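# The sequence and its predicted three-dimensional model are supplied below.
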Amino acid sequence: MVEPLSTTRGVLFRGSGSATPSRSISNAELGQRVQTSDEWIRSRTGIAARRVVNSDESLAELSGLAAERALEMAGWSADSIDLILLATSTPDDLFGSAPRLQARLGATNAAAFDLTAACSGFLFAVVTAAQYLRSGAMRRILVVGADQLSRWVNWDDRRSCVLFGDAAGAVVMEASENGQDDLDGFLLRSDGSRGEVLQLPQVSQRKPLVGDASHQCGGFDPIQMNGQEVYKFAVREVPAILEKLLAQHGVAADSLDWLLLHQANQRILDAVADRFSVPTKKVLSNLAHYGNTSAATIPVMLDEAVRSGSIQPGHRIASSGFGAGLSWGAALFRWSGPA
C-alpha cells in the first residue's frame with residue numbers, strides 16, 4: 001500500500017475496458033426454445049440479441065479481459081493498483097471472486113472485494129471507489145462490473161429469458177492532487193420494501209440434520225421478475241433522481257454531452273430521455289446487441305463509446321443505474337482519459 005495522499009480532492013477516470021462472450025444468440029434463435037419472435041422481443045424491449053458464456057469461457061475470464069484492457073488504455077501496470085472492486089451478483093465463488101481477479105491480473109499490491117447491488121452495482125462501486133480516493137487512502141482503483149445472468153435465467157420463461165445476457169466492463173480511477181475532479185456528484189437510493197418485484201431468491205428446501213433440527217439446502221431459484229412493476233419503478237425513479245442531481249449541481253439537461261443509463265429496456269431509455277428533452281443522438285445505447293447484462297451494462301457502453309471516439313475528454317455524462325434491491329442511483333461525471 002502506498003503512503004496516503006496529502007489531499008482529499010478529486011478523482012479521475014483514466015481508462016476503460018470491456019469483454020463479451022463470443023456467442024451471440026439472436027431473437028430468432030431464442031424462438032426455437034420458447035414461443036416468441038424477433039418482432040415480439042424488439043417491440044417490447046429493443047433487444048435483438050444477447051451474448052451467453054460458452055463452456056470454454058467464464059465470468060472470471062471476461063472480468064480479467066475487461067480489466068486488462070482498462071489498464072492498457074490508462075498505461076498502468078497491475079501492481080500499481082491499490083484496490084479492486086468487483087460489482088457482481090453472479091460470482092464464480094459466493095465467498096468472493098475479486099481476489100481471484102486480483103491474482104489473475106498480478107495486482108500484488110491491491111486489496112480486492114466483491115460488491116453486490118445487481119444492476120446498480122457498477123455505479124455503486126464507482127461511488128465507493130471515489131470515497132477511498134478522495135480520502136487520500138488510495139491512489140489507483142480498478143472497478144469492474146460483470147455478470148453472468150445466463151446462469152440464473154429460466155430459459156423456458158419467455159417473459160424474462162429474452163432480456164438477459166453476459167458481459168464485463170471496467171474502469172480505472174485515479175486520485176487527483178491538482179483540484180481536477182471528474183465526479184461532480186452522485187445520489188444513491190434503496191427500497192427493500194419493493195425488492196420482491198425483481199429477485200434471485202434462495203431455494204426454500206430444508207433437509208433433516210440431527211434430531212429435530214434441519215438445515216437449508218444451498219442454491220437459488222431462477223430470476224423472478226414482475227416486469228410491469230420494474231418498468232413503472234424505472235420510468236418514475238430514474239428521471240426523478242437525475243432531475244434532483246442535476247438541480248443540486250446547477251446543470252441543465254441540454255448542456256449534457258451524453259446520457260448513459262443502465263441498458264435494461266429501450267422504452268425506459270426513451271422515456272427518460274423524453275423527460276429531459278435529450279435528443280436521441282445523445283442517448284448511449286447498445287442494448288440491441290447485448291440485452292441486460294446487469295452490472296456490466298454501463299461500463300461496457302462507456303468503453304464502446306470511448307473507443308469509438310464518441311466520448312471525448314471533458315465530455316459531461318449523466319448516468320443512472322437501477323434494478324434489483326430495489327436499488328437505484330445517479331452520477332454526474334466527466335471523462336478524462338489517459339494522462
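Cool, the structure landed. Numbers count the residues shown, from 1 in each chain.

# Now for the residue most central in space within the chain: which residues touch it?
Nearest to the geometric centre of the chain sits residue 295, at 2.4 Å (C-alpha atoms, centre = their mean). With contact set as C-beta atoms under 8 Å, 6 or more residues apart in numbering, residue 295 has these partners: 87-89, 117-122, 125, 145-147. Every C-beta, even on glycine, is put in place using the N, C-alpha and C of the backbone.

# can you pick the most crowded of the residues you listed?
residue 145 (36 neighbours; other C-beta atoms under 10 Å).

# now the residue of the chain positioned farthest from its centre, what's its secondary structure?
In the chain, the residue that sits farthest from the middle, by C-alpha atoms, centre = their mean, is residue 211; the gap is 45.4 Å. Of the three states, residue 211 takes coil under DSSP: H, G, I helix; E, B strand; the rest coil.

# Distance of it relative to residue 205?
Residue 211 sits 19 Å away from residue 205 when distances are taken as C-beta to C-beta, to the nearest Å.

# One more: residue 318?
Counting by C-beta to C-beta - residue 318 and residue 205 are separated by 44 Å.

# neighbour count winner among those two?
Higher neighbour count among residue 318 and residue 205: residue 318, with 25 against 10, using other C-beta under 10 Å.

# With just CA atoms, put the helix or strand harbouring that one into CSV.
For residue 318, the enclosing helix or strand under DSSP states H and E is strand 316-323. Only the C-alpha atoms of strand 316-323 are listed here, as CSV (Å, rounded to 0.1, in the frame of the first residue of the first chain):
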residue,chain,number,x,y,z
ARG,A,316,-20.1,15.6,-19.3
ILE,A,317,-22.1,12.5,-18.7
ALA,A,318,-25.3,11.9,-16.6
SER,A,319,-25.6,8.2,-15.7
SER,A,320,-28.1,6.1,-13.8
GLY,A,321,-28.2,2.5,-12.6
PHE,A,322,-31.3,0.8,-11.4
GLY,A,323,-32.6,-2.6,-10.6
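
# what is the rounded mean pLDDT of that strand?
Taken as a whole, strand 316-323 has an average pLDDT of 97.

# What strands line up against that strand, and which way round?
strand 258-261 (parallel), strand 327-334 (antiparallel) (DSSP bridges).

# Could you export those as CSV, including mean neighbour count and mean pLDDT?
Output for the strands paired with strand 316-323, formatted as CSV (neighbours: other C-beta atoms under 10 Å; pLDDT from 0 to 100):
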stretch, mean neighbour count, mean pLDDT
strand 258-261, 24, 98
strand 327-334, 23, 97
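
# To residue 314, which of the ones you listed lies closest?
strand 327-334 (6.1 Å; C-beta to C-beta).

# neighbouring contacts of the closest one?
13, 117-120, 123-124, 126-127, 182-191, 234, 237-238, 241-242, 244-246, 249, 251, 314-322.

# Okay, and which of these map to strands?
Using DSSP state E, 13, 183-190, 316-322 are the members of the contacts of strand 327-334 that sit in strands.

# any idea which of those is closest to residue 290?
Here the nearest of the ones in strands among the contacts of strand 327-334 to residue 290, counting by C-beta to C-beta, is residue 321; it sits at 15.5 Å.

# ok, that closest one - how many residues close by?
31.

# Distance-wise, check it relative to residue 273.
16 Å.

# Straight-line length of stretch 84-101, end to end?
This stretch, stretch 84-101, spans 8 Å end to end (C-alpha to C-alpha, to the nearest Å).

# tell me the average confidence for it?
96.

# Which positions in that stretch come out as buried?
84-92, 96-101 (16 or more other C-beta atoms under 10 Å).

# what about the stretch 151-300 of the chain, any weak spots by pLDDT?
Of all residues in the stretch 151-300 of the chain, none has pLDDT under 70.
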